[in-house]
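Chemist: sequence unknown, structure follows:
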């Protein structure tokens, strides 16, 4: 029972490069979320999805794009990486809104 | 914007002691949740308390909620070294702006010394 799986686990990018973070869940959850976690800032929501084919902006969406083409996958893209996007990125899913969220183990992203 | 704020930011106790963490929030809520995060791992859900509940237990965990004071507390009894982690509260707000998301606090870092 994998739960929420994030790939890759670590990545180093140069400023201006692009990349996609992948999140997959096997719990048939409708809701999926992307957060970033920075020291002293807690978790901040980047984008979320309430179902296949839907996406919405969270608290800190600038510089990121997302897609939810399949119910089990939620992709986070950085088109032109900036040092300010150095962070740990977490994906989460939940059955419905307000219910407990299940988290992946994160992607540690460094942008030089 | 932060909805929940945990207090203290860090807590160090001896194994066997009780640990109490507090969370304050600003607006009305549907429920409040507590999560644990071990170093280098994702968050794990511990317990959910609804706005019409005042206390909830799960094993060695006890959560209280005071909606009049907009605060919650998490008590871990008879702590173990394995309880060493960061603990976060998260609030689920009623419909309206931000209603599709949980809003997390900055966490309390608990260290349990063997």
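Modeler: Here it is on my side, so go on. Remember, it's a predicted structure, so these values are computed and weren't measured experimentally. Numbering: from 1, shown residues only, chains lettered A, B, ... in the order given.

Chemist: Look up how far chain B lies from residue A:98.
Modeler: From residue A:98 over to chain B the distance is 4 Å, taken as CB to the nearest CB, to the nearest Å. The C-beta positions use only the backbone N, C-alpha and C, and glycine is treated the same way.

Chemist: so that residue touches residue B:50, yeah?
Modeler: No - using CB atoms under 8 Å, residue A:98 is not in contact with residue B:50, being 9.7 Å away.

Chemist: Looking at the two, which one has more neighbours?
Modeler: Looking at residue A:98 and residue B:50 with other CB atoms under 10 Å in any protein chain shown, you find the greater number of neighbours at residue A:98, namely 22 against 14.

Chemist: Distance from the chain centre to stretch A:51-58, please.
Modeler: Counting by CA atoms, centre = their mean, to the nearest Å, stretch A:51-58 is centred 12 Å from the centre of its parent chain.

Chemist: returning to that earlier point: what is in contact with residue A:98 and residue B:50 at once?
Modeler: B:30, B:31 (CB atoms under 8 Å, 6 or more residues apart in numbering or on different chains).

Chemist: Tell me which residues touch whatever residue of chain B ends up closest to chain A, please.
Modeler: Per CB to the nearest CB, residue B:42 is where chain B lies closest to chain A, at 3.4 Å. Neighbouring residues of residue B:42 by CB under 8 Å, 6+ apart: A:4, A:90, A:92, A:103, A:104, A:105, A:106.

Chemist: repeat that for 10 Å
Modeler: Residue B:42 is in contact with A:3-4, A:6, A:35, A:37, A:88, A:90-92, A:101-106, B:35, counting by CB atoms under 10 Å, 6 or more residues apart in numbering or on different chains.

Chemist: Between the residues you listed, which sits nearest residue B:83?
Modeler: residue B:35 (13.6 Å; CB to CB).

Chemist: Rounded mean pLDDT for whichever helix or strand that closest one is part of, please.
Modeler: Taking DSSP states H and E as the definition, residue B:35 sits inside strand B:31-37. Mean per-residue pLDDT for strand B:31-37: 96.

Chemist: Now do the next helix or strand after that strand: which elements does it pack against?
Modeler: Proceeding N to C from strand B:31-37, the next assigned helix or strand is strand B:43-50, under DSSP H and E. Packing partners of strand B:43-50 (3 or more CB pairs under 10 Å, 6 or more residues apart in numbering or on different chains; DSSP states H and E): strand A:87-94, strand A:102-103, strand B:31-37, strand B:55-58, strand B:61-66, strand B:71-76, strand B:85-92.
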